[in-house]
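**Q** Next come a sequence and a model predicted from it.
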Amino acid sequence: MKSSLTPEPASPQSVVITHEDVDRAHDRERVMAARARQGWKPHLQLLWLLIGPGILVMLGENDGPSMLSYATSGSRYGIGFFLPFTVLTFLMAVVVQEMTMRLGAATHRGHAELIFLRFGPFWGWFSLLDLALGNFLTLITEFIAIRAGMSFFGVPAWAAILVALGLLYLALITHRYWTWERMTLGAALCNLIFVPVALMTHPDWRAIGSALLTWRPLPGGLTPSTLLVLLAVIGATVTPWMLFFQQSATVDKGLTRKDIRIGRLDTLLGAILATIAAVATIIATAPLFHHLNAADLQAAGFAQALAPRIGHLGAALFALGIVEAGLVASITISISSAYAFGEVARSPHSLNLPLREGRPFYSVLLLCAAAAAAIVLIPGLPLVYVVLVVNVIAVLAMPPALVFLFLLANDRELMGDQVTPLWANLLAAGIVLFLVTAGVLYGISVIAPGLLRAFAH
Amino acid sequence: MMNPPPESEPAKVQPSTEQELALALLEREQLTGMRHAVPPRRKLSRGEKLLFWALRVYVLFMLAVVAYQIIIGLRLEH
């Protein structure tokens, strides 16, 4: 069943084929060749060709602030509650992200563009500004994480920021989506550096198994400060930029309806890898339970606090992991802003664009990153507080973003036979309800903390 | 804002063999030149309109809460 986006048939005379189209066609040529062949090798090749946006979005969301949130929850509350809770949040992320991938593959339009076209300029601009603000604040925290992680190695802040900006630029200069994606995927897989760090702490596997199966209550009950950490962990897995990024990247990669099955696999694989890294971070910092004070709650502080327990190498790996997390996220987040800007402004927006054709796209991308990086160099910034607040803002902005996604994925005019099935709609509705409840609880905890305390006891 | 033409330099037209490749391998909706085909604006039902207003109220309320939290946090910092 075709969607309403299907225009009249194109002929060579009526359509201008751009550089972007040709690059995408070359990528599709390899996909079609692999699909045409039989056997497990072509199947693996097809998987290799089509994975990318799902893994990138999930590992990208395991960013600097998220890893610090996981570390904070591990060191403050141990593993009893947050280990199973983190696994649950990633399951929620899979349900949501699958919808964005399906929307992108079925409509070949980005998320911002579809909101603008289907719900009008008010909601289009609202979503864009919401995304731009959230992304900009998050970018600041990514550079904070990079700076804090590099400080463990004695690298001055200005040098850390310059190196990060240089690497971000380096990932773009090929002007080719495929090359950018493979380079960023390689960097994103380094997120698993937290696994050896966790192993170095000699974790109690029985306690981990028990935590995952029994789901212990929060130590100390539900207080405003634990609620803030709880919201930060939710914000660490499901955020608006993820919706915009995966849909736009799916379009830029050129996925079609035929690729949706592997797109799902890509999203699931990304979630599994990201869960492993998140759980490893909680396990790695759990030995600091009751042994950490507020001054240690930043990347270098965690690494230094871990050093007596796991040695200098382990601590260095932890700090390096924070740097990697911040770097990959700064790349994906700034690209999601540039995609959304291009979609709404109707200017070319693709990583396949040569520099002279995609000047507005690359300018938005690099300017966002450079401005956020410059802010981080301001002395006296309250680092950990900014990190937690950004995650909380992301949680608060999520329900509207989810509602738009929910409506678009159920839009039969756009999606044709790819509309969301009933069971997935029920799950998505449950997730929206969960996030709104979390937001409202947070509001109550700020306005009337006594009320929440009474409820907790 | 949705209608102005691209602000950047015009896209370079590709040689005919490359054009044929793109036309043969890409779905029509994937071609950048076909992006002018836009779906009509969706007509919202009464329930959807109500939902959107509820979202506006939710976002405003929560932004106020976050702003309050930030101000309190910054005061405590000092």
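**A** Yep, that arrived. Residues are numbered from 1 along each chain as shown, chains lettered A, B, ... in the order given.
**Q** excluding its backbone neighbours, what's nearest A:Phe85?
**A** A:Val233 (6.5 Å; CB to CB, 6 or more residues apart in numbering or on different chains). C-betas here are computed from N, CA, C, even on glycine.
**Q** Three-state assignment for the one you found, please.
**A** Classification of A:Val233 by DSSP: H, G, I helix; E, B strand; the rest coil places it in helix.
**Q** and it, how far is that from A:Val251?
**A** 30 Å (CB to CB, to the nearest Å).
**Q** how deep is the residue nearest to A:Phe85 tucked in, by neighbour count?
**A** 23 (other CB atoms under 10 Å in any protein chain shown).
**Q** Please name the residues that touch A:Phe143.
**A** A:Ile161, A:Ala164, A:Gly326, A:Ser330, A:Ala372, A:Ala373, A:Ile375, A:Val376 (CB atoms under 8 Å, 6 or more residues apart in numbering or on different chains).
**Q** pretty sure the fifth one contacts A:Leu133?
**A** In other words, A:Ala372. No: with contact defined as CB atoms under 8 Å, A:Ala372 does not reach A:Leu133; the gap is 11.7 Å.
**Q** out of those two, which sits in the more crowded spot?
**A** A:Ala372 (24 against 12).
**Q** longest single helix anywhere in chain B?
**A** helix B:46-77 (DSSP state H).
**Q** Name the residues of that helix that are buried.
**A** Buried positions in helix B:46-77, judged by neighbour count with 16 or more other CB atoms under 10 Å in any protein chain shown: B:Phe52, B:Leu55, B:Tyr58, B:Val59, B:Met62, B:Val65, B:Val66, B:Gln69.
**Q** Can you tell me the closest non-neighbouring residue to the third one?
**A** Spelled out, that is B:Tyr58. Looking at B:Tyr58 with CB to CB, 6+ apart, the closest residue is A:Pro399, at 6.5 Å.
**Q** show me the residues around A:Ala401 that make contact.
**A** Contacts of A:Ala401 by CB under 8 Å, 6+ apart are A:Ser127, A:Asp130, A:Pro240, A:Leu243.
**Q** let's see 7 Å
**A** Contact analysis of A:Ala401 by CB atoms under 7 Å, 6 or more residues apart in numbering or on different chains lists A:Pro240, A:Leu243.
**Q** State the helix or strand in which it lies.
**A** helix A:383-409 (DSSP states H and E).
**Q** ditto for A:Leu83
**A** helix A:82-107.
**Q** Please spell out which residues along that helix are buried.
**A** Buried-residue list, helix A:82-107, by 16+ other CB under 10 Å: A:82-87, A:89-90, A:92-107.
**Q** Put the alpha carbons of stretch A:15-22 into CSV.
**A** What follows is stretch A:15-22, C-alpha atoms only, in CSV (Å, rounded to 0.1, in the frame of the first residue of the first chain):
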residue,chain,number,x,y,z
VAL,A,15,14.1,15.4,-12.1
VAL,A,16,17.5,16.9,-11.4
ILE,A,17,19.7,14.2,-9.9
THR,A,18,22.1,15.6,-7.3
HIS,A,19,25.4,14.4,-5.9
GLU,A,20,23.5,13.3,-2.8
ASP,A,21,21.2,11.1,-4.9
VAL,A,22,24.2,9.5,-6.7
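**Q** residues in contact with it?
**A** Residues contacting stretch A:15-22 (CB under 7 Å, 6+ apart): A:348, A:350, A:352-354, A:357, B:11-14, B:18-19, B:21-23, B:26, B:31-34.
**Q** Quick check: PyMOL command selecting the buried ones in the residues you listed.
**A** Remark: buried members of these, expressed as a PyMOL selection using 16+ other CB under 10 Å:
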select buried, (chain A and resi 348+350+352+353+354+357) or (chain B and resi 11+14+18+19+21+22+23+26+31+32+33+34)
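**Q** sorry, back to before: so what's the residue count around the residue nearest to B:Tyr58?
**A** Neighbours of A:Pro399 (other CB under 10 Å): 23.
**Q** try A:Pro308
**A** So A:Pro308, with other CB under 10 Å, has 11 neighbours.
**Q** right, is stretch A:125-136 up against chain B?
**A** No: on the criterion CB under 7 Å from any CB of the partner chain, stretch A:125-136 is out of touch with chain B, staying 8.0 Å away.
**Q** who touches that stretch?
**A** A:112, A:115, A:240-241, A:244, A:333, A:336-337, A:340, A:344, A:368, A:372, A:393-394, A:397, A:404.
**Q** So for A:Tyr169, what's the pLDDT?
**A** At A:Tyr169, the model reports a pLDDT of 89.
**Q** Roughly how far does the residue nearest to it when sequence neighbours are not counted sit from A:Glu113?
**A** In space, and not counting its chain neighbours, A:Tyr169 is closest to A:Leu366: 6.9 Å by CB to CB, 6+ apart. Here A:Leu366 is placed at a distance of 22 Å from A:Glu113 (CB to CB).
**Q** okay, these two: which has more neighbours?
**A** Ranked by neighbour count (other CB under 10 Å), A:Leu366 and A:Glu113 place A:Glu113 first, with 25 against 16.
**Q** so is the more buried one in a helix, a strand, or just coil?
**A** Assignment for A:Glu113 (three-state DSSP): helix.
**Q** Could you report the neighbour count for the nearest residue to it once chain neighbours are set aside?
**A** Nearest residue to A:Glu113, sequence neighbours excluded (CB to CB, 6+ apart): A:Glu343, at 3.7 Å. For A:Glu343, the number of neighbouring residues by other CB under 10 Å comes to 27.
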